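*Asks:* sequence first, predicted coordinates after that:
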Amino acid sequence: MSFTIDSGTGRNSSPTPFGTAVTCSGATPSNRRVSRRRSAAWVALSVSRPTQTAPLEITVVRGRFDTPVWATRMLDDGVGYIRLYSFAATVTKERIQELYEEVRSKGATRVIVDLRDNPGGSSAAATALLSTLIPANQPLYSFIARDGSTVTAKSIDNLWPGNPQVAFLISKNSGSASEIVPAVAQDYGVARVFGVKTEGCVASVAFVKLADGSALGITSSRVDTAKNGRSLNRVGVMPDEIVERSVDDLARGFDPQILTASAWLTGKPVPGPLVVPPSPATTPSGAALAPPAQPPATAAQPATPATQPAAGATTPSSPTSAPATVITPPAPPANPPVTAQPANPAPPAASSQPASSGSPTAGSAAPPPAVAPVPAGTAIRRGAILFALEEPAPSASLSGR
């Protein structure tokens, strides 16, 4: 069970999740080695899956492609769903307002913001998202350099109209900015977080151009939450309510994390046995976080006591862990179509202020000197994965990978 790449000049293998094996073969027009600056004419993929006997054969033309940055759709009971795949530079304060207005115009009064598998990105995008929930000029997170100097980012004027209730979804692959955002929201008690513990990979990274056209990312400072001083690097963010999603759930298209967050927002019980969180619910900072008012119990739908687990449910083994929710999946619900947005719309005009610096507080040290930005199209190698920048990188970004 491995991921194998074969372009006629050698093979490179590494394990893949969930027991899926992918074999990739390709060739250039001249059968020469595929380099960072030259793409193969075609690539053949053979995907072997545990649940299927025959492999899935796919042939694609290799070249530049755009991945989605955001998507929106409506769920039941007036719940809007916003998915952010990354905190790209295109996730501006205006774009975040547009995403909210898109679901609000369809009747959304509550919002789920999905940050699962989001690797992070621009700190300006993180600030813009947090500012939809936190009034302007409040300290959000701080860049702390090796010499102890601190630069604190503050919220901007970007509140969502109507003050909607918000739930965040996180996963073990949520990193950097997608850890800072739910952690700050927990500190202020403005949202509830569902999912599993995050990666714990939080830092500010400065990119330096190298002679061969690639770039080197150097960790320049750590990033802590400003209100409670929480350090998240190598720690991660613990959700307010732990909700697992298994491989079987993924295969069936069943999402207990969305169901649980939606149930909290609407005040409806989650289908299946579950462990009910203690009442009143609190954030890790200790601030009370009251769930929406529960509707009166009916004969067909009795209310579950808020302080007692449902019959047959088990309690978490660790007293310090967030309460776990265990759901027995019903038949897979019909998923409304997702409206995906293009990954690379025209970027906004470049700002003279680095995207990651935030607003320095009074008396704080000046931010570190800016590093020359990386030109568009520069390739960055992180681990065994090659990333190509779609636009000039800021002098630093919230990315621990």
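*Replies:* That came in fine, so what should we check first?
*Asks:* could you chop the chain up by domain?
*Replies:* Per automatic domain parsing, the structural domains of the chain span 3-60, 70-239+339-398.
*Asks:* need the least confident one among the ones you listed, by mean pLDDT.
*Replies:* Mean pLDDT values for the domains of the chain show the minimum at domain 3-60, a mean of 60.
*Asks:* just checking, Arg192 touches Trp264?
*Replies:* Yes - shown here, Arg192 and Trp264 form a contact pair, counting by C-beta atoms under 8 Å, at 6.1 Å. Using the backbone N, CA and C atoms, a C-beta is placed for each residue, glycine as well.
*Asks:* quick one, helices of this protein?
*Replies:* For the chain, the helices defined by DSSP state H occupy 93-104, 123-130, 177-188, 247-252, 256-266.
*Asks:* with just CA atoms, put the third one into PDB.
*Replies:* Extracted in PDB, the C-alpha atoms of helix 177-188 (Å, rounded to 0.1, in the frame of the first residue of the first chain):
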ATOM      1  CA  ALA A 177      -4.000  29.700  10.900                       C
ATOM      2  CA  SER A 178      -6.800  27.100  11.100                       C
ATOM      3  CA  GLU A 179      -5.700  26.400  14.700                       C
ATOM      4  CA  ILE A 180      -5.200  30.100  15.700                       C
ATOM      5  CA  VAL A 181      -8.800  31.000  14.500                       C
ATOM      6  CA  PRO A 182     -10.700  28.500  16.600                       C
ATOM      7  CA  ALA A 183      -8.400  28.900  19.600                       C
ATOM      8  CA  VAL A 184      -9.000  32.700  19.600                       C
ATOM      9  CA  ALA A 185     -12.700  32.100  19.200                       C
ATOM     10  CA  GLN A 186     -12.600  29.800  22.200                       C
ATOM     11  CA  ASP A 187     -10.700  32.400  24.300                       C
ATOM     12  CA  TYR A 188     -13.400  35.000  23.500                       C
END
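*Asks:* angle of it against helix 123-130?
*Replies:* 40 degrees (axes from the mean of the first three to the mean of the last three C-alpha atoms, to 10 degrees).
*Asks:* returning to what we had before: of the helices of the chain, which is nearest Ala215?
*Replies:* helix 123-130 (17.9 Å; C-beta to C-beta).
*Asks:* what is the closest one packed up against?
*Replies:* For helix 123-130, the contact count by 3 or more C-beta pairs under 8 Å, 6 or more residues apart in numbering; DSSP states H and E identifies helix 93-104, strand 139-144, strand 150-154, helix 177-188, strand 397-398 as packing neighbours.
*Asks:* and the third one, what's buried?
*Replies:* Applying a neighbour-count criterion of 16 or more other C-beta atoms under 10 Å, the buried positions in strand 150-154 are Thr150, Val151, Thr152, Ala153, Lys154.
*Asks:* any idea how many residues pack against Ile58?
*Replies:* Neighbourhood size, Ile58 [other C-beta atoms under 10 Å]: 12.
*Asks:* from Trp42, how far out is it?
*Replies:* Between Ile58 and Trp42 the computed distance is 11 Å (C-beta to C-beta, to the nearest Å).
*Asks:* and if you look at Lys209?
*Replies:* 32 Å.
*Asks:* also Ala211?
*Replies:* 32 Å.
*Asks:* neighbour-wise, which of the two wins?
*Replies:* The residue with more neighbours, out of Ala211 and Trp42, is Trp42; 15 against 5, by other C-beta under 10 Å.
*Asks:* so the more buried one touches Gly63, yeah?
*Replies:* No - counting by C-beta under 8 Å, Trp42 stays clear of Gly63, with 10.0 Å between them.
*Asks:* in space, what's closest to Phe194 - neighbours in sequence excluded?
*Replies:* Closest residue to Phe194 apart from its sequence neighbours, by C-beta to C-beta, 6 or more residues apart in numbering: Ala261 at 4.5 Å.
*Asks:* do the same with Leu133
*Replies:* Of all residues not flanking Leu133 in the chain, Val190 sits nearest, at 4.3 Å (C-beta to C-beta, 6+ apart).
*Asks:* wait, doesn't the one you found sit right on Thr132?
*Replies:* No - using C-beta under 8 Å, Val190 makes no contact with Thr132, being 9.4 Å away.
*Asks:* so those two - more neighbours on which side?
*Replies:* Ranked by neighbour count (other C-beta under 10 Å), Val190 and Thr132 place Thr132 first, with 23 against 19.
*Asks:* who's in contact with that one?
*Replies:* Ile96, Gln97, Tyr100, Asn158, Leu159, Trp160 (C-beta atoms under 8 Å, 6 or more residues apart in numbering).
*Asks:* any of those residues buried? List them.
*Replies:* Ile96, Gln97, Tyr100, Asn158, Trp160.
*Asks:* show the contacting residues for the last one.
*Replies:* Taking C-beta under 8 Å, 6+ apart as the definition of contact, the neighbours of Trp160 are Gln97, Tyr100, Val111, Thr132, Leu133.
*Asks:* again, 7 Å this time
*Replies:* Contacts were defined as C-beta atoms under 7 Å, 6 or more residues apart in numbering; by that measure Trp160 touches Tyr100, Thr132.
*Asks:* go on, the third one?
*Replies:* Tyr100 sits next to Val111, Thr132, Trp160 when contact means C-beta under 7 Å, 6+ apart.
*Asks:* and the gap between the first one and Leu133?
*Replies:* Meaning Val111. Counting by C-beta to C-beta - Val111 and Leu133 are separated by 10 Å.
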